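1. Kindly return the folded structure for what I paste below:
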Amino acid sequence: MHRLCAALLLVCLSGAVPRAQEAMSRAQRQADLEALASMYAKNYGPYEWKRDALGFDLMRLTPWLQRVHHSDDLDFQEALIEYVASLNDAHDNIAFPTTYFISLPMSLDIYDGKVLIDGINRALLPLAQFPFGIGDEIVSFDGQPVQLAIQALRKYAVSANPRSTDRVAAARLVARSQQIIPKLPDVGDTAAVGVRIVSTGETRVYTIPWSKSGIPILSQGPLPSPRRGSGRIPLSTDGQGFGVATGAAAMPSVFQFADLVKDDTLPAHMEPLRPLLNASVSKDYYSVLNFGGRFPIYGPPPGFVLRPVPVGTPAFLLSGTYMAGGKRIGLLRIPTMSPPSTALVLQHLDQEIAFFNDNTDALVVDVMRNPGGLVSFVEAISQRFMTAPFNIIGFEIRSTGAWLFSFASQLNFARLTRPPNDPILLNLQRNFDEVFAAFNENRGRSAPVSLNATGSLTLDPASVRYSKPMIVLTDEFSASGADMFPAIIQDNGRAPLVGMRTMGAGGSVVGFPCTPYTESICRITVSLMNRGRLIQTPEYPAAPYIENIGVRPDIVLDYMTRENLMTAGAPFVQAFTQAILAQVQ
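-> Now for the predicted structure:
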């Protein structure tokens with residue numbers, strides 16, 4: 001009898017799984033799609049740019065409404081992901097609350113157009129069983145040619161331009177989260193990885209176990225929808241005893257975008273605009289080596305002497321010098337635009353620049369694999385490399401009631417401490433007037449305004465500034481704030497950019513709770529960086545934007561070759577050294 005009951009229970013449980021996967025009703029799916037679209041309609045800054053340049057109109061929901069009747073909840077999540085991915089915006093993605101994650105003990109990237117291994121965990125992949133190594137080529141994945149496997153993952157890896165997206169998709173082959181890949185529980189226990197060993201030319205398929213962690217989510221869970229009709233309407237006293245201090249608002253959230261915008265150098269009147277200062281991509285979204293790392297992806301130049309970090313200063317910047325061609329070259333790496341303390345890091349930067357002015361003939365500034373960060377920090381470091389007043393990047397604000405309130409609050413804060421004819425106060429008044437005018441337009445987006453404490457689109461150089469020749473190293477993972485910095489350098493003719501086109505993540509980004517039933521959160525670009533001049537490219541119409549276009553180098557130099565991978569970037573270092581020596585001469 002016990003066996004019969006157990007058998008019946010198993011049948012009931014197995015039969016319940018498909019119903020659980022279809023927990024959301026048709027009305028709930030449509031409500032979530034419309035909620036997501038409404039959130040974008042209200043807040044998304046680059047709407048017209050995406051519509052006109054990319055051909056995607058997020059306001060047209062008919063194709064997406066036809067997909068709300070998919071066979072299960074995870075298919076519906078896939079539709080929401082594809083909707084956001086269609087924007088081709090490196091800042092924007094939608095994520096769902098789950099801890100499920102799978103990975104293989106290796107890392108992959110694209111070098112010379114091929115997917116190569118650039119990291120291996122030998123504790124989990126012993127050489128005797130897995131005789132491949134760094135630099136060997138992945139040719140297939142789970143029975144598919146690797147390029148087709150990458151193509152299938154591109155919608156989970158959108159990064160504003162094709163090269164960045166393909167490289168992130170290659171990384172997704174071996175590291176995946178269900179937060180952005182809903183169907184992840186369908187992946188089996190092992191992966192069949194086809195590897196070509198370059199030294200021998202032999203190709204073999206290896207079976208590698210997935211490492212899995214967390215709890216897979218198979219459905220949203222059933223939930224009633226709001227409805228019309230009479231019924232009990234509880235009084236407000238029903239919730240007595242559950243105030244803000246002890247209720248849900250006091251509970252920390254573990255599922256959120258941590259867009260923490262901190263700058264300990266800003267005056268009080270900048271506080272209302274603090275969320276707009278976030279110009280960064282999510283580091284968790286990307287899996288390339290050294291992304292945001294203090295040390296560069298390449299090895300040190302021959303004879304490189306690392307400068308010590310002063311006591312009490314965060315180990316954030318990396319700087320040093322080396323000799324080449326009879327000249328002393330400085331090298332400064334800025335790993336992100338989000339320092340742990342803006343005040344301390346700028347103080348350290350001033351010390352390094354003073355040293356470079358006295359002890360170098362030229363300077364290499366590296367912002368490769370930099371995820372961006374604070375608009376205010378980008379402008380502050382720019383001031384330390386300019387020798388005359390210079391133009392910065394303006395921001396076209398998608399004017400909502402919330403941002404209008406923020407600009408009004410900024411203006412009122414400034415009025416408390418500044419005389420009526422103060423130039424800064426007049427600038428802030430003009431910015432408010434521009435945002436207010438845009439607020440009264442249909443889908444209004446302002447003309448470019450400043451997001452700095454002066455309210456001006458022109459800044460003076462800092463008192464401590466580097467005055468000698470320099471170059472700036474960029475690549476397709478120079479993102480957001482690290483798109484902005486090279487744009488300022490290039491637009492003001494300060495120095496050539498050396499490397500590859502930057503990512504093209506060109507705006508401020510803010511996190512929002514997006515859909516009630518699927519409980520998603522999303523990052524939305526709420527402004528557009530405007531360079532103040534038209535940029536001509538073969539891929540897009542002429543426009544003053546960084547979004548998608550990126551910032552194009554003056555001297556093309558690609559780190560992503562197998563030779564660089566196998567030699568710690570020796571050819572790359574030699575090439576950028578020749579570029580800086582040419583500037584000295």
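
2. tell me the contacts of Leu116?
-> Counting by Cβ atoms under 8 Å, 6 or more residues apart in numbering, Leu116 makes contact with 108-110, 134-138, 562, 565. In short, each C-beta sits where N, CA and C put it, glycine included.

3. again, 6 Å this time
-> If you count contacts by Cβ atoms under 6 Å, 6 or more residues apart in numbering, Leu116 has them with 135, 137.

4. how far away is Val551 from Ala402?
-> Separation of Val551 from Ala402 (Cβ to Cβ, to the nearest Å) stands at 30 Å.

5. The two - which one has more neighbours?
-> Taking neighbours as other Cβ atoms under 10 Å, Val551 and Ala402 compare with Val551 leading, 26 against 12.

6. measure that one to Ile334 for me?
-> Noted for Val551: a distance of 15 Å to Ile334, by Cβ to Cβ.

7. Gln574 too?
-> Going from Gln574 to Ile334 by Cβ to Cβ gives 22 Å.

8. cool, and Pro126?
-> From Pro126 over to Ile334 the distance is 39 Å, taken as Cβ to Cβ.

9. So these two - more neighbours on which side?
-> Per other Cβ under 10 Å, whichever of Pro126 and Ile334 has more neighbours is Ile334, with 26 against 9.

10. For the residue nearest to the more buried one when sequence neighbours are not counted, grab the count of nearby residues.
-> Distance criterion Cβ to Cβ, 6 or more residues apart in numbering; nearest residue to Ile334, sequence neighbours excluded, is Val367 at 5.4 Å. When counting by other Cβ under 10 Å, one arrives at 31 neighbours for Val367.

11. how about the nearest residue to Ile546, chain neighbours excluded?
-> Gly506 (3.0 Å).

12. Count residues in the vicinity of the one you found, would you?
-> Per other Cβ under 10 Å, the neighbour tally for Gly506 reads 34.

13. Ala23 now?
-> With neighbours defined by other Cβ under 10 Å, the count for Ala23 comes to 16.

14. contacting residues for it?
-> Shown in contact with Ala23 (Cβ under 6 Å, 6+ apart): 73, 219-222.

15. Provide a PyMOL selection command restricted to the buried entries of those.
-> In PyMOL, a selection of the buried entries from the contacts of Ala23 looks like this (16 or more other Cβ atoms under 10 Å):
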select buried, resi 73+219+220
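
16. Just the closest of the contacts of Ala23 to Val556, please.
-> Asp73 (45.9 Å; Cβ to Cβ).

17. and that closest one, what does it touch?
-> 21, 23-24, 219-220.

18. could I get these as TSV with distance to Val205 and pLDDT?
-> Compiled in TSV, the contacts of Asp73 are given as follows (distance: Cβ to Cβ, whole Å; pLDDT from 0 to 100):
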residue	distance to Val205	pLDDT
Gln21	32	67
Ala23	38	86
Met24	39	89
Ser219	34	85
Gln220	37	82
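
19. helix/strand/coil for the closest residue to Pro469 other than its chain neighbours?
-> Among residues not flanking Pro469 along the chain, Gln583 sits closest, at 3.9 Å (Cβ to Cβ, 6+ apart). Look at Gln583: counting by DSSP: H, G, I helix; E, B strand; the rest coil, its state is helix.

20. Give me the pLDDT for Gln583.
-> At Gln583, the model reports a pLDDT of 97.

21. Next, work out how far apart the residue nearest the centre of the chain and Gly292 are.
-> Nearest residue to the geometric centre of the chain (Cα atoms, centre = their mean): Val281, 1.6 Å. For Val281, the distance to Gly292 (Cβ to Cβ) stands at 10 Å.

22. Now list whatever residues contact both of the two.
-> Counting by Cβ under 6 Å, 6+ apart, the common neighbours of Val281 and Gly292 are Pro371.

23. count of neighbours near Asp554?
-> Neighbour number of Asp554 under other Cβ under 10 Å is 15.

24. Would you mind measuring from Thr342 to Ser382?
-> Distance, Thr342 to Ser382, by Cβ to Cβ: 14 Å.

25. actually Tyr83, sorry about that
-> Computed as Cβ to Cβ, the Tyr83 to Ser382 distance reads 36 Å.

26. Pick out whichever of those two has more residues nearby.
-> Using other Cβ under 10 Å, the more surrounded residue of Tyr83 and Ser382 is Ser382, with 24 against 20.

27. That one belongs to a helix?
-> Yes: counting by three-state DSSP, Ser382 is part of a helix.

28. residues touching it, list them.
-> With Cβ under 6 Å, 6+ apart, Ser382 has these contacts: Ile488.

29. ok, which stretches of the protein are helices?
-> Taking DSSP state H, the helices of the chain run over residues 2-21, 26-43, 47-49, 62-65, 73-85, 146-153, 162-172, 342-359, 375-383, 401-417, 423-439, 481-491, 562-566, 570-584.

30. Go through the ones you listed and pick out the most buried.
-> Mean neighbour count (mean count of other Cβ atoms under 10 Å) peaks for helix 481-491 among the helices of the chain, with a mean of 27.

31. can you list contacts of it?
-> Outside helix 481-491, the residues that touch it by Cβ under 6 Å, 6+ apart are 279, 337, 367, 370, 372-373, 378, 382, 393, 472, 474, 495, 497, 502, 505-506, 531, 546, 551.

32. Perfect, that will be all.
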